[in-house]
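# Generate a structure from the sequence data that follows.
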Amino acid sequence: MSARGPGQGAARRAQHSTGLRALARGGYVASGVLHLLIGWLAVRLALGSSSGSADESGAFRQLASAPGGPLALWAVTVGFAALALWQLAEAVVGVPGVADAKEVGTRVKSAGKGVLYGVLAFSAARYATGDGGGGGQQESLTAMLLQAPAGRWLVVAVGLTVVGVGVFHVVKGWRKKFLEDLRGTGGGAVGTAVVRLGQVGYVAKGVALAVLGGLFVTAGVTHDADKAGGLDDALQTIRDQPFGTALLVVTGAGIAAYGVYSFARARYARL
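This next block holds a predicted model:
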């Protein structure tokens, strides 16, 4: 108990920090910028452009090349880092108002989000310093996993987990469950727009994640790391389907809608 005390105390202080709360809201703004850029790159991919990968790395590269790009990337880094700390604090001390039956699941989800935002903060910082990572990272990681004992089934499990997250996003958007994350929507026309953007955005993001998870499942089943990939590969898979160009344009627009929704979430999120 004594070992956990200091950590819990720090987490509680973080939860009551007005400054950290404001910076964490900035993390949702950073998420909005990232998704807008990914959506734009996805639409360009659908229309035949190969100027950049339609994923987080491509978005960071676009931001880095823009006027004032390094400064914007540092702002994104701070926002994601603050949001990561906020989520990890919730993982340690819990989310106020959550029923006991849901507490464990809520803490696990907060921990996962904290890790995700932490990775995004680290990636943004690397691009801000001109040290952006190269491509093929997903394939390399998958190849390493495939060499481990029962590695192919581990890759399949990872893929199925990502598929599950994608389905969760689709259901969350379709059933408007994301409204539980907000303390309001602005009311009137603004509120209606926020709800519609959230619905479209969550469904589109969920579809992309489900396809991404499917690539990992395929890599595991075939024992071929080249079958795996990142978000860009998933979007290319959508493009290669019948009516793929139209599907990818719709998906890209949906991801961009999620970006705009994230701006509203920065204002109305329960923090």
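# Break this structure into its domains for me.
Residue ranges for the domains of the chain, per automatic domain parsing: 1-134, 136-271.
# Figure out how far the longest one is from the centre of its chain.
Right, the one you point to is domain 136-271. Distance of domain 136-271 from the chain centroid (CA atoms, centre = their mean, to the nearest Å) equals 8 Å.
# can you check the first one too?
Relative to the chain's own centre, domain 1-134 is displaced by 8 Å; criterion: CA atoms, centre = their mean.
# For it, the averaged confidence score.
Across domain 1-134, pLDDT averages out at 85.
# Switch the domains of the chain over to TSV; also include mean neighbour count.
Placement of C-beta: from N, CA and C, glycine included. As requested, the domains of the chain are exported to TSV (neighbours: other CB atoms under 10 Å):
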stretch	mean neighbour count
domain 1-134	17
domain 136-271	18
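# now for the helix or strand harbouring A42, which elements pack on it?
For A42, the element it lies in under DSSP states H and E is helix 18-46. Counting contacts by 3 or more CB pairs under 8 Å, 6 or more residues apart in numbering; DSSP states H and E, helix 18-46 packs against helix 56-65, helix 69-93, helix 100-128, helix 231-239, helix 244-268.
# For the closest residue to V155 other than its chain neighbours, give me its contacts.
Nearest non-adjacent residue to V155, counting by CB to CB, 6 or more residues apart in numbering: G220, 3.5 Å away. Contact analysis of G220 by CB atoms under 8 Å, 6 or more residues apart in numbering lists L146, R152, W153, L154, V155, V156, A157, V158, G159.
# Can you add distance to L235 and give the residues you listed back as TSV?
Below are the contacts of G220 laid out as TSV (distance: CB to CB, whole Å):
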residue	distance to L235
L146	24
R152	25
W153	27
L154	25
V155	20
V156	22
A157	23
V158	19
G159	17
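# Helices - which of those residues land there?
Under the assignment DSSP state H, those contribute L146, R152, W153, L154, V155, V156, A157, V158, G159 to helices.
# How about the secondary structure of P242?
Following DSSP: H, G, I helix; E, B strand; the rest coil, the label given to P242 is coil.
# try G132
Following three-state DSSP, G132 is assigned to coil.
# Give me the next element, helix or strand, following the helix or strand encompassing H169.
Under the criterion DSSP H and E, the helix or strand holding H169 is helix 151-174. Note on helix 151-174: by DSSP H and E, the next helix or strand toward the C-terminus is helix 188-222.
# Next, the angle from that following helix to helix 151-174.
Per axes from the mean of the first three to the mean of the last three CA atoms, to 10 degrees, the angle that helix 188-222 makes with helix 151-174 is 160 degrees.
# Report the inter-axis angle for helix 188-222 versus helix 244-268.
With the same axes, to 10 degrees applied, the angle from helix 188-222 to helix 244-268 works out at 120 degrees.
# got the angle for helix 188-222 vs helix 18-46?
Going by the same axes, to 10 degrees, helix 188-222 makes 70 degrees with helix 18-46.
# what mean pLDDT does helix 188-222 have?
92.
# Centroid-nearest residue for this structure?
Among the residues of the chain, the one closest to the centroid is L116, at 7.1 Å (CA atoms, centre = their mean).
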